[in-house]
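Asks: only geometry, no sequence info:
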């Protein structure tokens with residue numbers, strides 16, 4: 001199938017502030033700018049080399065002003081997760097609208113994400129709580145955690161899945177986070193810990209949900225041709241997309257058997273020469289544990305309702321983590337459940353570091369290809385196949 005953008009755009013720089021429950025007075029803009037500067041330097045570039053900008057929570061024009069960027073010929077403000085920005089930057093570069101794009105994302109706890117944030121007067125009545133609900137945080141609609149709790153209940157009902165099925169996802173993320181200095185939670189957990197965790201929205205407990213954090217991530221993307229002249233091994237965007245179905249709302253998707261994840265998987269399989277038998281590292285989104293189970297099944301690792309059995313069959317008891325076929329680790333950085341709720345930016349960053357061979361003690365020696373699916377299954381399903389050049 002015709003797909004001229006395949007392998008034509010590369011990720012050449014990454015930057016991160018690391019993540020914490022309190023950034024010590026730094027603003028959301030400051031965190032995004034810190035990550036952006038780190039990514040530009042990591043790419044071996046200067047501010048003058050950036051001619052495209054795309055961001056999430058912080059408007060692009062604010063980042064341009066903060067960094068003193070000049071002569072920007074393409075910019076955008078994307079929603080979350082971060083895969084939307086990756087797809088937009090890739091297409092803008094390939095279309096010739098710009099050559100080198102700064103993509104940034106920053107996280108900042110507000111009362112919507114964290115009750116502790118309500119004690120900070122600078123965080124009150126700001127952020128997603130205000131934008132999504134006019135300041136309200138009660139479940140008037142089936143959104144966010146409420147929606148995923150409902151579909152997790154449906155999953156358990158349809159497939160007879162026990163609570164432990166979700167627990168293995170949380171344990172895997174925490175085990176992998178132990179070797180990630182950026183992660184906010186690095187202490188190991190057991191299944192007993194998981195089952196004893198405070199219930200938030202039945203059947204999802206505190207350990208089923210990503211951790212609200214302060215922090216920032218950034219990526220630099222450019223043409224594959226230019227990437228080969230820069231300091232690090234290029235990581236090519238082999239295929240990438242975002243997908244939804246006709247009724248993509250939390251309470252409107254047709255069912256577990258048909259939603260945005262299926263659209264993404266169908267596209268990637270038909271536009272990529274690399275699929276699950278070829279990938280060396282795997283990054284399914286884990287903003288909620290049910291999302292990871294869904295990605296595992298819909299990507300073809302196993303059939304519908306079989307994720308629990310699949311995980312148990314591929315569980316490395318000695319390492320206390322999931323290792324598919326004894327060699328493919330899942331969310332080597334600890335994911336959103338343990339590194340922090342980065343809305344997918346951490347998944348992409350970690351995949352890039354693995355394919356560059358720069359992941360430190362987490363490094364998978366043979367990593368040449370990665371499948372990254374940084375999104376849920378309502379109106380934010382997205383995925384990409386990355387490969388080392």
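Replies: Okay, I see it. Keep in mind that this is a model prediction, so the values were computed, not measured.
Asks: and the closest residue to residue 198 other than its chain neighbours, what is it in contact with?
Replies: Leaving aside its chain neighbours, residue 198 sits nearest to residue 206 (4.8 Å; criterion: Cβ to Cβ, 6 or more residues apart in numbering). C-betas here are computed from N, CA, C, even on glycine. Listed by Cβ atoms under 8 Å, 6 or more residues apart in numbering, the contact set of residue 206 reads 197-200.
Asks: could you pull out the helices in this protein for me?
Replies: With helices called from DSSP state H, the chain shows them at 28-42, 60-67, 83-95, 128-133, 144-159, 164-177, 191-196, 224-227, 260-271, 289-298, 307-313, 335-338, 345-356.
Asks: for residue 9, which of these is the nearest?
Replies: When the helices of the chain are compared by Cβ to Cβ, helix 83-95 sits nearest residue 9, at 4.6 Å.
Asks: that older thread, which of the contacts of residue 206 count as buried?
Replies: Among these, those scoring as buried are residue 197 (criterion: 16 or more other Cβ atoms under 10 Å).
Asks: hmm, which of the contacts of residue 206 is lowest in pLDDT?
Replies: Lowest in pLDDT among the contacts of residue 206 is residue 200, which has 92.
Asks: quick check: the closest residue to that one other than its chain neighbours vs residue 189, distance?
Replies: Distance criterion Cβ to Cβ, 6+ apart; nearest residue to residue 200, sequence neighbours excluded, is residue 206 at 5.8 Å. With distances taken as Cβ to Cβ, to the nearest Å, residue 206 is found 11 Å from residue 189.
Asks: got it, and residue 43?
Replies: Residue 43 sits at a distance of 36 Å from residue 189 (criterion: Cβ to Cβ).
Asks: burial measure for the closest residue in space to residue 81 that isn't next to it in sequence, as a count.
Replies: Nearest non-adjacent residue to residue 81, counting by Cβ to Cβ, 6+ apart: residue 344, 3.5 Å away. Neighbour count of residue 344, defined by other Cβ atoms under 10 Å: 30.
Asks: now swap in residue 262 and tell me
Replies: With other Cβ under 10 Å as criterion, residue 262 counts 17.
Asks: before we move on, the earlier item: residue 43 and residue 189: which has the busier surroundings?
Replies: When neighbours are counted by other Cβ under 10 Å, residue 43 and residue 189 differ, and residue 43 comes out ahead with 26 against 20.
Asks: so what's that one up against?
Replies: Contact partners of residue 43, counting by Cβ under 8 Å, 6+ apart, are 12-13, 220, 222, 230-232.
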